[in-house]
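>>> Quick one, fold the following:
(chains A and B)
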2 protein chains.
Amino acid sequence: MIDTGQDVRERPRADPYGISAALLDDGIRPLAGFDAWLTGRQRAQRHRITRIPFAAMDGWSFEPGTGNLVHHSGRFFSVEGLDVHTDRRWAGHWRQPIIVQPEVGVLGILVKRFGGVPHLLMQAKMEPGNINGVQLSPTVQATRSNYTGVHGGRGVPYLNHFLGADRGRVIADVLQSEQAAWYLHKRNRNMIVEVTGPVEEHEDFRWLTLGQIRQLLHRDHLVNMDTRTVLACLPAPDGPLGAAPPRDRFGALVRQSMAGGFHPVTPTAELLSWLTDVRTRRQLVQRRVPLNDTAGHGWHRDDDGIAHRDGRYFTVIAVHVEAGNREVRSWSQPLIAPVDQGVVALIVKPIGGVLHALVQARVDAGAVNVAELAATVHCQPGNYRDVPAEARPAYLDEVLTSDPARIRYDVVHTEEGGRFYHARNRYLVVEAGPDFDGTPGDHHRWVSLRQLSRLARHYNYLNVELRSLLAGVHTLQ
Amino acid sequence: MIDTGQDVRERPRADPYGISAALLDDGIRPLAGFDAWLTGRQRAQRHRITRIPFAAMDGWSFEPGTGNLVHHSGRFFSVEGLDVHTDRRWAGHWRQPIIVQPEVGVLGILVKRFGGVPHLLMQAKMEPGNINGVQLSPTVQATRSNYTGVHGGRGVPYLNHFLGADRGRVIADVLQSEQAAWYLHKRNRNMIVEVTGPVEEHEDFRWLTLGQIRQLLHRDHLVNMDTRTVLACLPAPDGPLGAAPPRDRFGALVRQSMAGGFHPVTPTAELLSWLTDVRTRRQLVQRRVPLNDTAGHGWHRDDDGIAHRDGRYFTVIAVHVEAGNREVRSWSQPLIAPVDQGVVALIVKPIGGVLHALVQARVDAGAVNVAELAATVHCQPGNYRDVPAEARPAYLDEVLTSDPARIRYDVVHTEEGGRFYHARNRYLVVEAGPDFDGTPGDHHRWVSLRQLSRLARHYNYLNVELRSLLAGVHTLQ
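Numbers count the residues shown, from 1 in each chain, chains lettered A, B, ... in the order given. You can find the predicted model right below:
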């Protein structure tokens, strides 16, 4: 079976997004002016984040009885307890605090062509948990109350292009999961919409080509998680090759793996069957419990935080935010602060001349359906300091000791700054060396980049960190 | 965009499943002998189902405090309470009993070619809630404890062909949801596996062609739910036409709509975007509550049942089962007994020469992700006797008053007899008349049969009743 994942008659004659990807300094807003603009926005969005005791939070409190951390309005989110039973031999049963936020938000990037070339409208936006404060965000990050009429969509610029009567042509529109280690069943709507009419460029917003954004994806802590996940939903190009030549041998491999027209090592039917198998064989029984009831499992609350007695995983903290230009000028809120920086690494390797990526089926506490596809390695190494050797994450040591000459991407990004405080992951793409054992174990499979892009059209296949990294891989053409 | 949903190079020269579908009386087991075999199996699987008071159940009891109905082993399933908040204007908040069964079972049909023609190994199997007791079931219906080694797979014939070292070639392998009005987040693994080696035909099992099973799908209460949902996962044929001519004009339309090679009225990207929109705009907040706490919402428990004060929806009952040849010869268990027969109807209509089906995005209490695609009409009409006119299900009256000459399929099937007692749905396929207003409202969209088959490869798109009906539609070629 040849998996190009498309119908030959769908193949367009040209790929405007490929042209956009090739344009760096000649977008309508040159990249050279980007830093000055960003610095200006940072100055305009002056803010101060202060860690405070829980008791000093405005509107948030521990609910009597359960100890759940809730907002008095019942809105936003809550921090509750989760009891997790898995079939993992090492530490298979635990309880932990978890963020519960059943509502679905919209993350949307608006696209418009200038001179025939698609440009993406990006936003400079402050979130309290962001490293560097202001990061490059999608055009729209809207909560449910923004778009169901509670606020009538007022106060969220451009939202009408995604949900209203002025809605543009849909390029991508799919629910996607978010960090299942810290969120229970969380999902957001990822949208890319292209419009043709006039669009005003407000001061916090800037038109960038795909190529410019891909350049910026090589800087630490600049392109936020919401942008990365939405970019990963951009359909793989159906044109065979891009508008510009690939940057090098590896770039050509990336482009070919995205374009399809070959036999992937794991046919899609087999890949889906393997994931189904993991989802049925492995066990994940989730039960919400009062946050108070995590105390017996090592989670202790004092005035300033809820932390694990082993000094691992994360701490629930409270912050006070004084912001310059947000609709609410100051507020307080809880955040989850991971103890350690994480590693999210994809091992890639040409097999039969086609670049493949090694993905795992990963089970996380708050997953909606047991497992999703994740990067080859995905962990906080600090949590595994003294676990038995057989429980150490597969391929972690290979990645941490890999020859720097084989590292194709190495950027530290921040996770969602509205819920997590300085949550850093080191995103790596490592090309396997000649001595790498390419036979995957039960938990891993080789897939093409096109297969990943095709699965990103559907909910519940690629986890958010893999989608982040996929956006990074796409920069390597 | 032309949506054939396949790559032209994948198109095989012949479709053995099309040949199997065309074979009626000339399978290796002629259909003429089927009734005698089934009667024999019914005789061999003598059983008696008796409704009993809850207190007379063996191993089941109401848990102190919560009143949840549980098995003392903690296994099987439990009946608990669910609190549901939706944005529906009419009766948008309610509580109800719900079955909680987090484990995933395997429903598998084994295929083997005889004389080059695929035959499916079907099972005559009794379930306590079945109408007619014994129905035609998949080769395997296995629970998690069957396949994770608790029993080492012993006692489940043929399971090794699905999960073991003797596993065959995977034709379909996907998690699918089940009745979300009565189950919380329930899903089962649907598998079709083709083997080449010798397979023994045990006395409760019989090789049938696809054509023979499709004939039997026209009888009431014969082909069980598990068979119907697995059959719906059979990939749409890639060959342009079947082995035999279609039975009539309508059969030709069905076949063409399954084969693809045309522009569907709703392109797939637009269809997925619409479903994503429903999943984000509509609200479904689920909270598990003690079964006792449904009492304030009209659910009253007496010695023999838990019923709603309005005499609607369903009753939780208890039965005692004396079986002839099951591994356990007698047991008792709770079942959910719907008050009324349901209607599951698909309105179909040629549009631009291609048959399209009108599907809705339906929100159910126990859904995993707010909404799935469902038949045009899907309800128990009795529950809507005196609701306001605007809350009456769309198209229900059209379906119930449709010209019999336009009804293409009209069969009453039983839902899963292991959990539901005499749960009957009338499955209808109705071809729209010339005066039918084909402009769908917000809750409906026109799709091709090929689009439905393609989506059935993934979890969480087609609900179980639509999959049942799709298996029925496939019989109409």
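
>>> Stretch A:28-42: which residues count as buried?
Neighbour counts over stretch A:28-42 (16 or more other CB atoms under 10 Å in any protein chain shown) mark A:29, A:31, A:34, A:38, A:41-42 as buried. The way it works is simple: take the backbone N, C-alpha and C, and place the C-beta from them, glycine included.

>>> cool, stretch A:278-294 as well?
Quick answer for stretch A:278-294 (16+ other CB under 10 Å): A:278-284, A:286, A:288-289, A:291-294.

>>> Extract the C-alpha trace of the lengthiest helix in chain A and format it as CSV.
As assigned by DSSP state H, the longest helix anywhere in chain A is helix A:268-281. The C-alpha coordinates for helix A:268-281 follow below in CSV (Å, rounded to 0.1, in the frame of the first residue of the first chain):
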residue,chain,number,x,y,z
THR,A,268,-1.5,3.7,8.5
ALA,A,269,-3.9,0.8,9.1
GLU,A,270,-1.2,-1.0,11.1
LEU,A,271,-0.3,2.2,13.0
LEU,A,272,-3.9,2.8,14.1
SER,A,273,-4.3,-0.9,15.0
TRP,A,274,-1.2,-0.7,17.2
LEU,A,275,-2.5,2.4,19.0
THR,A,276,-5.9,0.8,19.4
ASP,A,277,-4.1,-2.2,20.9
VAL,A,278,-2.3,0.0,23.4
ARG,A,279,-5.5,1.8,24.3
THR,A,280,-7.2,-1.5,25.1
ARG,A,281,-4.4,-3.5,26.7
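
>>> any idea of the mean pLDDT in that helix?
Mean per-residue pLDDT for helix A:268-281: 94.

>>> and that helix, anywhere near chain B?
Yes. Counting by CB under 8 Å from any CB of the partner chain, chain B is contacted by helix A:268-281 at A:269-270, A:272-273, A:276-277, A:279-281.

>>> A:F262 against A:L355, yeah?
No. With contact defined as CB atoms under 8 Å, A:F262 does not reach A:L355; the gap is 10.1 Å.

>>> check which helix or strand covers A:L373.
strand A:371-374 (DSSP states H and E).

>>> Contacts for that strand next, please.
For strand A:371-374, the external contacting residues (CB atoms under 8 Å, 6 or more residues apart in numbering or on different chains) are A:177, A:180, A:275, A:278-279, A:282, A:284, A:359-364, A:447, A:452, A:455, A:460-463, A:465-466.

>>> mind listing which of these are in strands?
The strands, defined by DSSP state E, take in A:177, A:284, A:359-363, A:447 from those.

>>> quick one on the thing from earlier: A:F262 and A:L355: which has the busier surroundings?
A:L355 (22 against 16; other CB atoms under 10 Å in any protein chain shown).

>>> how far is stretch A:459-468 from where the chain is centred?
How far stretch A:459-468 lies from its chain's middle: 7 Å, per CA atoms, centre = their mean, to the nearest Å.

>>> Briefly note if that stretch comes near chain B.
Yes. Using CB under 8 Å from any CB, we find that stretch A:459-468 touches chain B at A:459-460.

>>> gap between the two ends of that stretch?
Taking CA to CA, to the nearest Å, stretch A:459-468 runs 15 Å from one end to the other.

>>> now swap in stretch A:42-61 and tell me
Stretch A:42-61 end-to-end distance (CA to CA) = 31 Å.

>>> for stretch A:396-405, same thing?
Calculated as CA to CA, the first-to-last residue distance of stretch A:396-405 is 18 Å.

>>> tally of neighbours for A:G197?
Neighbour tally, A:G197, other CB under 10 Å: 8.

>>> Check A:N146 too.
When neighbours are defined as other CB under 10 Å, A:N146 has 20 of them.

>>> So what touches the helix or strand containing it?
Assignment of secondary structure by DSSP H and E places A:N146 within helix A:144-147. Contact with helix A:144-147 is made by A:75, A:103-106, A:151, A:153, A:155-156, A:159, A:163, B:280-281, B:283, as judged by CB under 8 Å, 6+ apart.

>>> and the closest residue to A:V265 other than its chain neighbours, what does it touch?
Nearest non-adjacent residue to A:V265, counting by CB to CB, 6 or more residues apart in numbering or on different chains: A:W446, 4.4 Å away. For A:W446, the contact set (CB under 8 Å, 6+ apart) comprises A:264-266, A:349, A:351, A:356-359, A:438, A:440.

>>> In those residues, which residue is surrounded by the most others?
The contacts of A:W446, ranked by neighbours (other CB under 10 Å): first place A:V359, 29 neighbours.

>>> Show me what the residue nearest to it when sequence neighbours are not counted is bridged to.
The shortest distance from A:V359 to any non-neighbouring residue, by CB to CB, 6+ apart, is to A:L373 (4.7 Å). With DSSP bridges as the criterion, A:L373 is bridged to A:A361, A:L462.

>>> what's the span of stretch A:25-39, first residue to last?
End to end - CA to CA - stretch A:25-39 spans 19 Å.

>>> what mean pLDDT would you report for that stretch?
Here the average pLDDT along stretch A:25-39 is 88.

>>> And stretch A:97-111, by the same measure?
95.

>>> That one and chain B, any residue contact?
Yes. Using CB under 8 Å from any CB, stretch A:97-111 reaches chain B at A:102-104, A:106.

>>> Pull the contacting residues for the closest residue to A:L455 other than its chain neighbours.
Leaving aside its sequence neighbours, A:L455 sits nearest to A:Y461 (CB to CB, 6+ apart; 4.0 Å). Shown in contact with A:Y461 (CB under 8 Å, 6+ apart): A:275, A:372-373, A:455.

>>> which bits of the stretch 301-450 of chain A sit near chain B?
Residues of the stretch 301-450 of chain A lying near chain B (CB under 8 Å from any CB): A:368-369.

>>> coming back round to it: by pLDDT, rank the contacts of A:W446 and give me the bottom one.
A:G438 (89).

>>> and the closest residue to it other than its chain neighbours, what are its bridge partners?
Leaving aside its sequence neighbours, A:G438 sits nearest to A:K349 (CB to CB, 6+ apart; 6.1 Å). Beta-bridge partners recorded for A:K349 (DSSP bridges): A:H356.

>>> Quick check: phi and psi on A:A36?
As for A:A36, its main-chain torsions (degrees, to the nearest 10) stand at phi -60, psi -40.

>>> Could you check how far it is from chain B?
37 Å (CB to the nearest CB, to the nearest Å).

>>> Over to A:G108?
11 Å.

>>> And stretch A:68-86, end to end?
Stretch A:68-86: ends 24 Å apart by CA to CA.

>>> Are that stretch and chain B in contact anywhere?
No. Residues of stretch A:68-86 contacting chain B under CB under 8 Å from any CB: none, with a closest distance of 9.5 Å.

>>> Could you list the buried residues of that stretch?
A:68-71, A:76-84, A:86.

>>> pLDDT of it, averaged?
For stretch A:68-86, the per-residue pLDDT averages 95.

>>> rewinding a little: most neighbours, which of the contacts of A:Y461?
Neighbours here mean other CB under 10 Å. Within these, the largest count is held by A:E372, at 29 neighbours.

>>> how about the helix holding A:N146: buried residues?
Buried residues in helix A:144-147 (16+ other CB under 10 Å): A:144, A:146-147.

>>> which among the residues you listed gets closest to A:G133?
A:N146 (22.2 Å; CB to CB).

>>> how far away is the closest one from chain B?
Taking CB to the nearest CB, one finds A:N146 at 11 Å from chain B.

>>> ranges for the strands of the stretch 351-477 of chain A?
A:354-363, A:371-374, A:377-379, A:407-414, A:424-431, A:444-448 (DSSP state E, counting those that start in this stretch).

>>> Out of the ones you listed, which one sits most buried?
strand A:371-374 (a mean of 26; mean count of other CB atoms under 10 Å in any protein chain shown).
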